[in-house]
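Participant: Mind folding the following:
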Amino acid sequence: MAGQALDQLRALSLALPEAFEKRSHGEPTFWVHKRMFATFASARNHHGAGRDAVWCKAAHMTQEMVVSRWPDRYFVPPYVGVSGWFGIYLDRRPNWREVADRLEGSYRLVAPRRLLAALDGEATTTHGHAARVPASRRG
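Facilitator: Numbering: from 1, shown residues only. The predicted model follows:
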């Protein structure tokens, strides 16, 4: 089960513009522009505490909202929880659309503006400002 969850997590994370994977603290982690936005927590070591999960960067308000509202799906992870990160359990048929949305939200907290513009389907002008690309010109 862990392999399938990690494979799905990889596919979702690496679909984000310029996201890449590297190991950190013994776990696969997902980065953009030298900043981590998510990390896998394996059930087989102390990071996962017996359950496969992903930890996502978030604001404290988001952490409080998701953990209090859905404690069966979300939790405050060790180490990074004090900085607002939250965890999503991946071992009990997670809603992968929801996981994808949370990963994108985490990515948006650390990605440079030009990558956010790419994610939103915008072109960047020579002054660094985003300009909307008409739907007819989007791939």
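Participant: for the chain, what are the low-confidence residue spans?
Facilitator: 1-2, 46-49, 123-139 (pLDDT under 70).
Participant: ok, which stretches of it are strands?
Facilitator: Ranges of strands in the chain, per DSSP state E, are 20-24, 27-32, 35-41, 53-56, 74-75, 86-89, 122-124, 130-132.
Participant: Out of the ones you listed, the one nearest Tyr107 is which?
Facilitator: strand 35-41 (4.7 Å; C-beta to C-beta). C-betas here are computed from N, CA, C, even on glycine.
Participant: CA atoms of the closest one as CSV?
Facilitator: Output of strand 35-41 as CSV, limited to C-alpha atoms (Å, rounded to 0.1, in the frame of the first residue of the first chain):
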residue,chain,number,x,y,z
ARG,A,35,12.1,25.3,-0.8
MET,A,36,10.3,22.2,0.5
PHE,A,37,6.5,22.1,0.1
ALA,A,38,5.7,18.5,1.0
THR,A,39,7.3,15.4,2.5
PHE,A,40,6.3,11.7,2.6
ALA,A,41,6.1,10.2,6.1
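Participant: Okay, now the sheet partners of it, with direction.
Facilitator: strand 27-32 (antiparallel), strand 53-56 (antiparallel) (DSSP bridges).
Participant: Now it: buried residues?
Facilitator: 36-41 (16 or more other C-beta atoms under 10 Å).
Participant: Please identify which pair of the residues you listed lies farthest apart.
Facilitator: Phe37 and Ala41, at 14.3 Å, using C-beta to C-beta across the buried residues of strand 35-41.
Participant: Check the gap between the residue nearest the centre of the chain and Arg114 for me.
Facilitator: By C-alpha atoms, centre = their mean, the mean C-alpha position of the chain lies nearest to Leu103, the distance being 2.6 Å. Leu103 sits 19 Å away from Arg114, going by C-beta to C-beta, to the nearest Å.
Participant: count of residues packed around the closest residue to Gly84 other than its chain neighbours?
Facilitator: Leaving out its chain neighbours, the residue that sits closest to Gly84 by C-beta to C-beta, 6 or more residues apart in numbering is His60, at 4.3 Å. By other C-beta atoms under 10 Å, 13 other residues sit near His60.
Participant: If anything else comes up later, I'll come back, but that's it for now.
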